[in-house]
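Enquirer: everything below, folded, please.
(chains A and B)
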Amino acid sequence: MKLKKLFTIVLAGLITFTSLGALGGCSKEKSLKELYGNKTFLQVGVYDGGIGVEWVEKIAAEFEKRYEGVKLEGEDSENEGLKIVVNKSKSYTTGIDQILENEERNVFFCGGVDYKSFINKGLLMDITDVVTGDLSAVSLGAETGTIENKLYGKSNSFVNYGGKYYAIPFYSSDGGITYDRGLFLEKGFFFREEPLVEEVVVAGRPMTITHEFTNDPALFSVGPDGVRGTYDDGLPSSHEEFYKLCNYIYTNGCEPLIFTNEYKFYYNYAALGAFTNSLTADQLNAYYTYDSGATTVDIVTGFNGNEPNVQAKTINSTNQYDLTQSYAKYLAVKFSEGLATGGNGNYLSKHCANRLDHLKTQSEFVYSALKGGSTAPIAMMIEGTYWYGEAKGYGVFKRTVETYKEKAENRNFAFMPLPWKETGRVEEGEGKPLTLNNAPGNYAFINNNIKDNELLTRLAKEFVQFVYTEWGLKTFTQTANIRMAVDYTMEDSDMTNMDAFGKSIMVAAREAQMAYPTKDCAFYMDHQSALGFGVDTNFWKSQTHNSYLMITQFRDKDVSAKDFFLGLKYDSQKWNDLIVGK
Amino acid sequence: MKKGIKNKMQWVFYVSMVAIPLLHFILFYVYVNLNSILLAFKTYDASISDFVWNKGGEMFDNFKTVIKMFSDPSYAPTDFSVAMGNSFRNSVLIQVLGWVIRSPLAWAFSWYVYKQKFGANAFRVILYLPQIISSVTMVTMFVPVMDLVVPNMLSELFGTDVTSFFSYEKEFGTYLFYYIWASFGGSVLIYSGTMSSISDSIIEAGQVDGVTPIQEFLKIVLPMIWPTIATFLVVGCADMFTDQMNLFTFNRTDTEAEFSTVGYFLYRQMVQGNPTSRFPILSAMGLCLTVIAMPVVLLMRWFTSKVNPMEN
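Expert: Numbers count the residues shown, from 1 in each chain, chains lettered A, B, ... in the order given. Model prediction:
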C-alpha cells in the first residue's frame, strides 16, 4: 500500500514537473542592454522560415559599423553605437496586423501583408522619402538613383498607393522544380541535341537503340528557351520530354520527383511553374490587369472529346472570367496530372506515400544522392525556391558535410524552368524566354508605431534604404540564394562565391521576362484573396471537386485533368457574384 | 389566500431556479457572443477596414449566402476552401460513431475497471493518459507510428506492402480511430466513477438472485448510470458542430476537404489567411448551426428521458 502511494506521488510529481517544465521557457528574457550593452537599438522582425535571417544579420552588421562610437541619442546619453536586433518569429506572417500596433519590432521583412488594408489601418509608415530618395548618401556615393527606379514598373509600381509608398516588395519565390544538377551530370540526365542511334545485336537479333540522354555539355539540346549555350541547355523543353526524362531517371535506379505529402498544396508548385512559363510576361500580366489590351491569351472554349478547342482572345471587363480557362492553365493542370499518374505512378518518390513535411522532404532530397546503398537518389523536388534557404537554416547542408565530408560539399542544385509546350521538342531559335512572376506577397516596411520617435524613424528608414542599395541586394542574394522582387542584375563576378542553387536562379532571372502588377491593377489588388495565383489559392480550386489539391484528385481519386480544369471555370454570373460583387 | 401565497412561493422558487441558468445564458452566451451575433448582420468594408451594417433588403444577405452555400457549395465565398457538405456528413458521422462504438466500449471498459478485474487501475491510467498529455504531443507521437512504424511492422509480418495509414484511402479511418481512442479515456474515468457510486447492496441483491455478470452489467449497472449516459449523449449533440476531430492538431489548416468536420471548417476559416472579411458569414453560419443543433439537442434530451430505464 505504501509502495502504491509512493508510486502515485512520484508519478504525480513527474507529471507536474513535466508540465512546469514547459513554463520554464516563459522565464523573463534578458533585456537588450544586458545582452548587447549600452547601445541604441533598432529592432528588425523577419519571418521565421523560408529564407532565414543570415542575410539580414550580414547587412545589419555592415550598417552598424557606420555608427560605431556615435552617440545617436545625444552626447549626454550613455548609449553609444547602434545595434540592430534581428528577431525571427512565426508570427510575422498572416495575422501580423493583429500584433503590429503593440509590436516592439521597428522594421519588418515578411509576408502576410494585405497592403491596402494595412495602409488604411495606419499600420505602415509612409516611406515615400525612402523609395524616392537618392541612394548616394546611404551607399556612401557607391550609387546614385532611387529605389523607385529599381521597382518593377518604376513609379507605376503597385506599391505606389495614391502617390505614396508604404512598403517595398521583398523577395520573390519562383514556383517550379529544383533538380540535382550534380546527379544529372553524373548520371547523364540531359537531353542530347541529336539522339545517338546505335545498331546492336542482342541475343542474335539486330536492334536499334536510341540514346537520347547525355552528360556531355557539348551535346546538350537547346532547352525550353531555344538558345544554345544558356542555363537551360539539355533540360526538357516539352511536357513530353519531361515525362521521357522521368522514365529515364526511374529506369536508371533513381526516383524522379519528391514533394511534401503532408502539405499537399506544395505539389501545385509544379503547376504554377508550368502555368507561368506557358505565357509570355504580357499575357501573364493580364492576370493582374484583367485587361490585356491588344495582347491575346489562348482560351479553352470547350473540348472536342479530350482535345481542347483553343481560341485567342483579348481580355477586358466583359470577359475577365475567360482567364479561368486559359490554355496555359489547362497545360499546367495536365502537366500535374502527368506527373502524378505517369509511368505507373513511378515518377513520384516512394517517400511521397508518407507524411513527410516540407523540411523532411528537403532533407530526403538533399541526402538521397549521398546515402548510397539501397537508397535511390532523388533527381528533382517540387518546391518554392525559398526551400534552399530554409534547408540551410535548419542545418541540412551542414549536417551532410559533417557526415559525408567532401562528397557533400558544394552541392550542385539548380532551378529548372518548366517546359512551355506540350509535345515535341523546342528547336534552336524556336524557344521562349522564361517567364517569372513577381506576385505581391512579401514586403519590407516600417512599423508605424514608431512614427513619433524621430531617431528610430530615421534609423529605420536609413536601414531599409541600405538594404535596397546594390550592395544590400547583392548581399541578400548571395546569402539567401533567392532573388529580391525588384529589378537588379547579378553579374557573374557577383556570384563567384554563391551556392550553385542561388546562382541558377539569378542566371535564369537575368534572361527571363518579368510579369508584375502595377498601380493600375486596382481590380486585382482589391480582390487579391480571390484572384491571387499562389499554390494554395482558389486559382487552382476546382469547384466541381471542391479542392485545389491536384495531387489528391489525380493520384488518389482518378480525376482527369480535363474534369479538374473544367471545375476551375467561372461563368459570367459566378464571376459577377463571387468576384466582382465582393 | 393561502393558495395565493403558495403560488407566489412557487413563483419565487421557479424564478430563482430559472434565473440562474438564464443569467448564465445571458452572461456567457448572449453577452459574450453579442458581437459575433451582430456581425451576422454586417459586411466587411475593405476600403475603411471596418464592418458596416447591412441595411434594408440586404440585412439578411449573409444568411442568404450561407443558405446558398448549403445548396451549391461552389457559391461559397472564394476563400472558403473546405466543403460544407462533407463537413456536415463527418460531424454527424463522428457523433453516431461516438454513440455506437465509443460509448459501448467505454461502458465495457468502465465496468471492467469498476469490477477491479486484472490490471484495472493500470488500464484506467493508460486510457486516461491521452487526456493528460497534450494533444499536440500525442499526435506528434501517433503520426510516425501510423505513418511508418505500423505499416513496416505489418509489411514484415504479412510479407506484403502495407502503405502508410495516412495514405488517402486510410487517412479518414486513421483520424476516426484516433478520435475514438484519444477521447475514450475521459468517459471511462467518469463512467467508472459513477459505477462506483452504485450501492453494493443492489449488486449483492442481484447476485443473490442469481444474475450473471452480463445481466448485472446490462440490467443493473447500465440503468443505474443512465443519467450520466444521458448527459454524455446530450452534451455530445450540443458539441456536434464544434468538434474538430483533432484535425487541426493533425494538419493545421491543410486537411483535405472531404475529411473536414463543421467544427474544423469554422475554426479553419477563422485562422486561415486574412480572416477578417469572413467574420460576418461565419457569424451567420454559427447562428444557422445553432438553429439546426438546438432541436437535435432537445430531441436527444427528450429521448434520453423517455427511454430512461430507471423510470421504465
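
Enquirer: look at the residue in the stretch 101-250 of chain B positioned nearest to chain A and report its pLDDT.
Expert: In the stretch 101-250 of chain B, no residue comes nearer to chain A than residue B:168, which is 3.6 Å away by CB to the nearest CB. C-beta coordinates here come from the backbone N, C-alpha and C atoms, glycine included. Looking at residue B:168, its pLDDT stands at 88.

Enquirer: got the contact list for it?
Expert: By CB atoms under 8 Å, 6 or more residues apart in numbering or on different chains, the residues touching residue B:168 are A:552, A:555-557, B:256.

Enquirer: what subset of those residues is buried?
Expert: Buried by 16 or more other CB atoms under 10 Å in any protein chain shown: A:552, A:555-556, B:256, out of these.

Enquirer: let me know the closest of the residues you listed to residue A:397.
Expert: residue A:555 (30.3 Å; CB to CB).

Enquirer: residue A:577 versus the nearest residue in space to the closest one that is not next to it in sequence, what's the distance?
Expert: Excluding the flanking residues, the one nearest residue A:555 by CB to CB, 6 or more residues apart in numbering or on different chains is residue A:340, at 4.3 Å. Distance from residue A:340 to residue A:577, counting by CB to CB, to the nearest Å: 32 Å.

Enquirer: of these two, which one has the most company?
Expert: Neighbour count, other CB atoms under 10 Å in any protein chain shown: between residue A:340 and residue A:577, residue A:340 has more, with 24 against 16.

Enquirer: hmm, back to that, can you tell me which two in the contacts of residue B:168 are farthest apart?
Expert: Greatest spatial distance in the contacts of residue B:168: A:555 and B:256, 12.3 Å, computed using CB to CB.

Enquirer: near chain A, which residues of the stretch 151-300 of chain B?
Expert: Within reach of chain A by CB under 8 Å from any CB of the partner chain, the stretch 151-300 of chain B has these residues: B:163-164, B:166-169, B:251, B:254, B:256-257, B:271-274, B:277.

Enquirer: and the gap between the residue nearest the centre of chain B and residue B:233?
Expert: In chain B, the residue lying closest to the centroid (CA atoms, centre = their mean) is residue B:239, at 3.7 Å. For residue B:239, the distance to residue B:233 equals 11 Å [CB to CB].

Enquirer: repeat for residue B:245
Expert: Taken as CB to CB, the span from residue B:245 to residue B:233 is 18 Å.

Enquirer: so for the two, which sits in the more crowded spot?
Expert: Each of residue B:245 and residue B:233 has its neighbours counted (other CB under 10 Å); residue B:245 has more, 24 against 18.

Enquirer: what's near enough to touch the more buried one?
Expert: Contacts of residue B:245 by CB under 8 Å, 6+ apart are B:90, B:94, B:175-176, B:179, B:261, B:263-264.

Enquirer: neighbour-wise, give me the winner out of those residues.
Expert: Neighbour-wise, the contacts of residue B:245 (other CB under 10 Å) top out at residue B:261, 30 neighbours.

Enquirer: that one contacts residue B:89, doesn't it?
Expert: No: assessed by CB atoms under 8 Å, residue B:261 is found out of contact with residue B:89, at 9.1 Å.

Enquirer: what distance separates stretch A:491-499 from the centre of its chain?
Expert: Put simply, stretch A:491-499 sits 20 Å off its chain's centre (CA atoms, centre = their mean, to the nearest Å).

Enquirer: and the contacts of it?
Expert: A:388, A:410-411, A:413, A:474, A:477-478, A:481, A:502-503, A:506-507.

Enquirer: same deal with stretch B:274-294?
Expert: A:94-95, A:97, A:112, A:114, A:117, A:529, B:36-44, B:46, B:51, B:62-63, B:65-67, B:77, B:79-80, B:237-238, B:240-241, B:262, B:266, B:269-270.
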